[in-house]
Structure formats: structure tokens, C-alpha cells
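S.K.: Need coordinates for the following:
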Amino acid sequence: MNCQFTSVSLDHINDADDVLDAFLQFAIGRSHGLVSHIVFHPKSRLKQGQIAWIAQRCPSLKLLVLPSYLSYVINFEVSDSICKWKDLEALQVASLIGLKKTIANISKNCQNFKHLSVYVPRIDGDVALAIGSQLPKIKTLDLQFSKIERSDLVVILKGCQKLEQLDVRECKGVAYDDEILNLARSIRVFRHEGFYFGE
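M.R.: Model (predicted):
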């Protein structure tokens with residue numbers, strides 16, 4: 001069988017025992033380094049070393065969807081592994097730990113990076129600045145349900161002028177006023193339902 005790329009979906013695996021590890025070993029081991037997409041179940045619990053192992057064996061990775069919880073060590077393991085994924089185009093994360101370093105490494109190493117999804121309780125100013133200053137060419141940004149200050153959203157909009165899709169639905173902290181609407185005027189899909197001031 002000839003194939004250029006392979007996808008590995010772990011949507012149905014959320015155990016912390018050896019089942020996930022065995023599946024990774026089996027699926028990635030048979031891929032001959034051609035895995036381009038890895039999607040973890042939100043409740044998957046990764047072990048230390050698994051992301052680094054994936055990075056060594058999947059140099060052609062284009063999409064990585066991470067679980068909802070990763071330990072401090074594993075979050076930085078992700079940041080370090082970014083350097084090996086030169087073809088990475090899309091990343092979904094649910095933690096701010098190590099995210100500034102991750103964004104910096106994406107900026108330096110992933111020239112085709114286009115899509116970032118960040119699902120966290122609050123986008124802080126440092127992360128907003130990192131997105132706006134280091135990812136100016138991204139096409140899609142998803143910040144659903146994350147609180148973000150108005151000034152931080154402005155930083156992102158001013159920095160990411162190539163955005164084609166922006167999702168800030170149910171984002172607390174800001175409202176779409178005239179300035180924001182003007183900054184977002186060139187964005188083809190601007191989802192902002194439930195976008196409002198306050199707690």
C-alpha cells in the first residue's frame with residue numbers, strides 16, 4: 001500500500017495506563033515516519049517522554065490536538081518538541097504553561113504554521129503579545145470561552161493581519177466595539193456571539 005501521510009486519532013482512548021502507550025507504539029511504529037495528524041482525546045493523560053518520543057518518530061507532523069490536561073513537565077516537552085516539527089500547520093492547546101515558549105519555537109521553526117486554538121480560562125497579556133508579535137501570518141485563531149482583556153485582543157488584531165478566521169465566542173472581558181470591528185474588518189469569518197464585557 002502506498003501512502004504519503006497517515007493520521008492517528010486517539011479520540012477513543014483516555015486511559016492513563018499502558019493502553020494509550022501501546023496504541024501509540026503500534027500506530028506510530030507502523031507509520032514509517034509519515035504521520036501528519038495526531039488528535040488526542042481531551043481526557044487522555046500522557047506520560048512524561050511520550051511527546052518527545054512522538055517528535056522523534058513523526059517529523060512530518062502537521063496537526064497536533066493535545067489533551068485538556070498536561071503536567072508542567074509535559075507542557076514544556078511540547079514546547080521543546082515544536083523545534084522538530086518543521087511542517088507543523090495547526091496546534092490546539094488547553095494550557096498556558098509553556099505556551100509563550102511554544103509560540104516562540106513555532107515562529108522560529110514552523111514556516112507553514114496557520115492555525116492556533118487556545119482553550120484556557122484566561123488569555124494573559126504576555127500570551128496575547130506573543131501571538132500578535134510572533135505569529136503575524138496565522139490564518140485561523142480560536143479563543144472560544146477564554147477571558148481576554150480588550151487591550152490584549154487589540155494587540156492580537158493589530159499583529160495578526162493575515163487572519164481569515166477569528167473565533168471569540170463567549171469570550172469574557174471585552175465587547176465588539178467600533179475599533180475592534182474596524183480592526184477585524186478584513187477577517188472573512190469573525191465569530192463573536194456572546195462576546196461581552198464583565199465577569
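S.K.: Low-confidence bits of the protein, can you list those?
M.R.: 1-18, 31-32, 174-175, 194-199 (pLDDT under 70).
S.K.: quick one: the helices in it?
M.R.: 18-29, 50-57, 72-81, 99-109, 125-134, 150-159, 178-183 (DSSP state H).
S.K.: Quick check: buried residues in the fourth one?
M.R.: What it means is helix 99-109. Neighbour-count burial for helix 99-109, counted by 16 or more other CB atoms under 10 Å, picks out 99-107. No exception for glycine: its C-beta is placed from N, CA and C like everyone else's.
S.K.: with those residues in mind, which one is nearest to residue 161?
M.R.: residue 107 (15.5 Å; CB to CB).
S.K.: okay but that closest one is in contact with residue 134, surely?
M.R.: Yes: using CB atoms under 8 Å, residue 107 is in contact with residue 134, at 4.0 Å.
S.K.: mind listing what residue 60 touches?
M.R.: 5, 33-36, 87 (CB atoms under 8 Å, 6 or more residues apart in numbering).
S.K.: where's residue 92 relative to residue 102, distance?
M.R.: Applying CB to CB, to the nearest Å, the value for residue 92 to residue 102 is 12 Å.
S.K.: Which residues are in contact with residue 100?
M.R.: Applying CB under 8 Å, 6+ apart, the residues contacting residue 100 are 126-127, 130.
S.K.: what's the closest of those to residue 166?
M.R.: Of these, the one sitting nearest to residue 166 (CB to CB) turns out to be residue 127, at 15.6 Å.
S.K.: Can you tell me the closest non-neighbouring residue to that closest one?
M.R.: Excluding its sequence neighbours, the residue lying closest to residue 127 (CB to CB, 6 or more residues apart in numbering) is residue 99, at 5.5 Å.
S.K.: try residue 96
M.R.: residue 120 (5.4 Å).
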